[in-house]
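Novice: Here's my sequence, what's the structure:
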Amino acid sequence: MIKRTRSLAATAGALCALTALAVAGPAVGAASKGKADSGVSYVAITHKAGGFEYVAGNTTDKILGVGAVTYKVKIGPSTAGKYQVSAPSVVVYTSTGSLSGTASATLTIASGGTETFSNGKISLTKGAGSQAGHSLTATFTGTGNAVAGSDKFVYKGTYK
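Specialist: Alright, predicted model coming up:
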């Protein structure tokens, strides 16, 4: 159960990062300083392979509206009940293109499988389609349940 909980938490963290990227989708004429953005993502693990958990879900963004996110997550060893979660591949899909990059967070799992994600950071620096040349940098927090297999992430960041 702990293994399942850690996997779920890691996947949720990665997905949250992807959501942040999708939310900050294409903004026509974005200023060089960037544009403030925020959103919410809901994700779940689809499968595990090669030491990674693969996650997918949907996102609702202040600027882009509805989008999709995918990522692969790796959960590090526990230190005082906390796990380092890293997502070396995160992709946020919008109606006009995609953003990809990396994410990380700290996962805490309580008895009963309750998950809390903190210190979440996402950096989506590669754009495709109308997102070419754009990026999103954001922070996020999240909650979920390892038993239910789903997580919710809330993010705030800057879209350029």
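Novice: pLDDT weak spots in the protein?
Specialist: Applying pLDDT under 70 to the chain flags the ranges 1-32.
Novice: Which residue ranges of it form helices?
Specialist: 2-23 (DSSP state H).
Novice: show me where it has strands.
Specialist: Counting by DSSP state E, the chain has strands at residues 35-49, 52-61, 65-79, 82-93, 97-109, 114-129, 136-145, 150-159.
Novice: Would you convert the ones you listed into TSV that also reports mean neighbour count?
Specialist: Where you see a C-beta, it was placed from the backbone N, CA and C, and this is true even at glycine. Below are the strands of the chain laid out as TSV (neighbours: other C-beta atoms under 10 Å):
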stretch	mean neighbour count
strand 35-49	19
strand 52-61	22
strand 65-79	19
strand 82-93	22
strand 97-109	23
strand 114-129	19
strand 136-145	22
strand 150-159	23
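Novice: Can you dump the C-alpha atoms of stretch 102-116 in CSV for me?
Specialist: As requested, the backbone C-alpha atoms of stretch 102-116 are provided in CSV (Å, rounded to 0.1, in the frame of the first residue of the first chain):
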residue,chain,number,x,y,z
THR,A,102,10.2,19.0,-15.9
ALA,A,103,8.6,19.1,-12.4
SER,A,104,9.4,18.2,-8.8
ALA,A,105,7.7,18.2,-5.4
THR,A,106,7.8,16.8,-1.9
LEU,A,107,5.2,14.1,-1.1
THR,A,108,3.9,13.3,2.4
ILE,A,109,1.7,10.3,2.9
ALA,A,110,-0.4,10.0,6.1
SER,A,111,-2.1,6.9,7.5
GLY,A,112,-5.1,5.9,5.4
GLY,A,113,-3.4,7.0,2.2
THR,A,114,-4.0,10.7,2.4
GLU,A,115,-1.4,12.5,0.2
THR,A,116,-0.1,16.1,0.5
